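Asker: Need a 3D model of the following:
(chains A and B)
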Amino acid sequence: MSGRAHIMTTARHKCLVIACGALAKEIVYLRRHLGIPDEALELRCLPAAFHNTPQKIAPGVDALLKECRDEYDRVLVAYGECGTGGALDAVLEQYNAERLPGAHCYEFFAGAAQFERIVDADIGSFFLTDYLVKNFERLVMKGLGLDRYPELTSVYFCNYTQVVYLAQTENADLQKKAAEAADLLGLNFVYKKVGYGDLAIDLEAFAQGLGFSARQQQQKHSENTRDEDHVSC
Amino acid sequence: MSDEEEIILMDLNDDDLVAQIKDDLYDGLKDEVFEGVEILLERKWAANLILSDVLVEAMRIVGVDFRDGILFVPEVLQCAGAMKNGMGLLRPILAASDAQTSVGKYVIGTVKGDIHDIGKNLVGMMLEGAGFEVIDLGINNPVENYLEAIDKHKPDILGMSALLTTTMPYMGLVIEELDKRNILKELPVMVGGAPLNQEFSDAINAHSYGRDAAMSAELAKVIMGKNA
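Answerer: Got it, this is the predicted structure:
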């Protein structure tokens, strides 16, 4: 994956979603699921690796908005606050753009209430999503240097007690991989199928704002129409 | 396996040995740092001099290179592990030494809702290296813990840490509580953590914002009037 944002469509459109690369497949799926034509809702992504370097998120979003904000009527930034310490919200305010609610993707996938329940029950919860399970080696093991310094596992994870896999899809392979990840980190494993949570709700609201009757379109699509080949962020 | 000639630490003169220990700490070589410190002690170096001029100085360079994007978190943690190893040798000597005088007492803890302590531990280590007596409250501290520790230990400085955007506002709540109790005017509060910045620190009325571990220790010394 290059660090450069990827343009999903080439025509000029009025609405843009700027997303974390970790959400790209989910957004492409939901766009289709909600019946929004690709050309009506453009998607641009920033590198998912920013997950480990949140200080790069606000400048990355800022650069994209500077480049193209004027071309769109509405812009949805598919990030949570993501550890930017208010820097992302400050950028969005400048450009009259909105973002997803919550602190992290974990929160908007689980929904705020469920997320709070999980954390209240066990503050030592380390969250994984479909994307993070698929990319566990790259983002967690290599990203935290555990491939080079496995002895740092206890330094990073000594205060964690469990891995909570907030699954978007029902996938036995990913469940197995997530359980193995928990084992590798020496933590208990909890599996919760949460689907797309607030990401779906917000994209639907965004779509309705564009004049698409999302619910009608949803009936035409079933879960197995998912096409993941569409994304190349 | 490197084809470089193996360096025998014992054979080096003091200047070369100090330079080598700094290099070894930078490379995160725990055993080598331990051995180097051991040799300096055998050569009758004062423990506080080894701490300040060798270990802390090496870690300061690590901090600068981290800030400049040359080193990353995993490497810094390796360096910290090496420094901790060396400090393990010095700590009992310093504690037993008549010459040991604390620069000041520093209570530090991660705020409520947050279990991340890597940054806090690095700051604690650098403070200790700078001569502070550090009382570490650990993670997930409600305001009551800070108040109790202030009452019990009478610190010169209070430090709070947070890694999460969701938990950093809690620092503001603690500071408000200290203000209500008229503690704040007497007790400088330092804050730090990855999502923080100077603006946030100012907004919650903290005394100082520690951008990184080395800087935090320097600021703490300035607060104590040690190198203003």
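Asker: what sits against the residue of chain B found nearest chain A?
Answerer: Of all residues in chain B, the one sitting closest to chain A is residue B:74 (2.4 Å; Cβ to the nearest Cβ). For every residue, glycine as well, the C-beta is placed using N, CA and C. Residues counted as contacts of residue B:74 (Cβ atoms under 8 Å, 6 or more residues apart in numbering or on different chains) are A:144-146, A:148-149, A:152.
Asker: taking these one by one, which sit in strands?
Answerer: Using DSSP state E, no member of the contacts of residue B:74 falls within strands.
Asker: For the helix of greatest length in chain B, buried residues please.
Answerer: Taking DSSP state H as the criterion, chain B has its longest helix at helix B:73-96. By 16 or more other Cβ atoms under 10 Å in any protein chain shown, the buried positions in helix B:73-96 come out as B:73-87, B:89-90, B:94.
Asker: now stretch A:193-200
Answerer: A:194-200.
Asker: Then stretch A:133-142?
Answerer: Result for stretch A:133-142 [16+ other Cβ under 10 Å]: buried residues A:133-136, A:139-142.
Asker: Show me which residues of chain B are close to chain A?
Answerer: Contacts of chain B with chain A, taken as Cβ under 8 Å from any Cβ of the partner chain, map to B:28, B:72-75, B:77-78, B:81, B:113, B:115-118, B:139-140, B:163-166, B:168, B:194-197, B:200.
Asker: Now stretch B:141-158 - C-alpha only, CSV.
Answerer: Below are the C-alpha coordinates for stretch B:141-158, written out as CSV (Å, rounded to 0.1, in the frame of the first residue of the first chain):
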residue,chain,number,x,y,z
ASN,B,141,-6.2,6.5,39.2
PRO,B,142,-9.3,8.3,40.3
VAL,B,143,-8.9,11.7,41.8
GLU,B,144,-9.1,10.2,45.3
ASN,B,145,-5.8,8.4,44.7
TYR,B,146,-4.0,11.6,43.8
LEU,B,147,-5.5,13.4,46.8
GLU,B,148,-4.5,10.6,49.2
ALA,B,149,-0.9,10.4,47.7
ILE,B,150,-0.6,14.2,48.0
ASP,B,151,-1.7,14.1,51.6
LYS,B,152,0.6,11.1,52.5
HIS,B,153,3.7,12.0,50.6
LYS,B,154,3.6,15.8,50.4
PRO,B,155,5.1,15.9,46.9
ASP,B,156,6.9,18.8,45.3
ILE,B,157,5.3,18.0,41.9
LEU,B,158,2.3,16.0,40.7
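Asker: Walking through chain A, point out its strands one by one.
Answerer: For chain A, applying DSSP E gives strands covering A:15-20, A:42-46, A:74-78, A:98-99, A:125-128, A:162-167, A:188-193.
Asker: wait, which of those strands is closest to chain B?
Answerer: Nearest of the strands of chain A to chain B, taken as Cβ to the nearest Cβ: strand A:125-128 at 9.3 Å.
Asker: does the closest one come close to chain B?
Answerer: No - shown here: strand A:125-128 not in contact with chain B (Cβ under 8 Å from any Cβ), separated by at least 9.3 Å.
Asker: Could you pull up the mean pLDDT of that strand?
Answerer: Strand A:125-128 carries an average pLDDT of 96.
Asker: can you tell me how far residue A:132 sits from chain B?
Answerer: From residue A:132 across to chain B, the span is 17 Å (Cβ to the nearest Cβ, to the nearest Å).
Asker: Show me the shaky parts of the chain.
Answerer: By default, I'm working from chain A. A:1-13, A:211-233 (pLDDT under 70).
Asker: To clarify, I was referring to chain B.
Answerer: Across chain B, the ranges flagged by pLDDT under 70 are B:1-4, B:98-100, B:227-228.
Asker: redo that, cut-off 80
Answerer: Scanning chain B for pLDDT under 80 picks out B:1-5, B:98-101, B:226-228.
Asker: just the strands in it please.
Answerer: Using DSSP E, the strands of chain B run over B:104-110, B:132-136, B:157-161, B:189-192, B:208-209.
Asker: Could you pull up the residues touching the residue of chain A lying at maximal distance from its centre?
Answerer: Going by Cα atoms, centre = their mean, the residue of chain A most distant from its centre is residue A:151, 29.3 Å out. Residues in contact with residue A:151 (Cβ under 8 Å, 6+ apart) are residue B:81.
Asker: Next up, phi/psi of the residue of chain A found nearest chain B, please.
Answerer: Residue nearest to chain B within chain A: residue A:145 (2.4 Å; Cβ to the nearest Cβ). Note on residue A:145: its backbone torsions stand at phi 80, psi 20 [degrees, to the nearest 10].
Asker: Just give the closest residue to it, not the sequence neighbours.
Answerer: residue B:74 (2.4 Å; Cβ to Cβ, 6 or more residues apart in numbering or on different chains).
Asker: Domain boundaries for chain A, per the record?
Answerer: The record assigns chain A these domain ranges, following automatic domain parsing: A:11-104+A:197-217, A:112-193.
Asker: Determine how far the longest one lies from the middle of the whole chain.
Answerer: Here the centre of mass of C-alpha atoms in domain A:11-104+A:197-217, compared against the chain's by Cα atoms, centre = their mean, to the nearest Å, lies 10 Å away.
Asker: I'd like to know which of the strands of chain A lies nearest to residue A:29.
Answerer: Among those, strand A:42-46 comes nearest to residue A:29, with 11.4 Å by Cβ to Cβ.
Asker: And the residues of chain B next to chain A, which of them are buried?
Answerer: Buried among the residues of chain B next to chain A by 16+ other Cβ under 10 Å: B:28, B:73-75, B:77-78, B:81, B:113, B:115-118, B:139-140, B:163-166, B:168, B:194-196, B:200.
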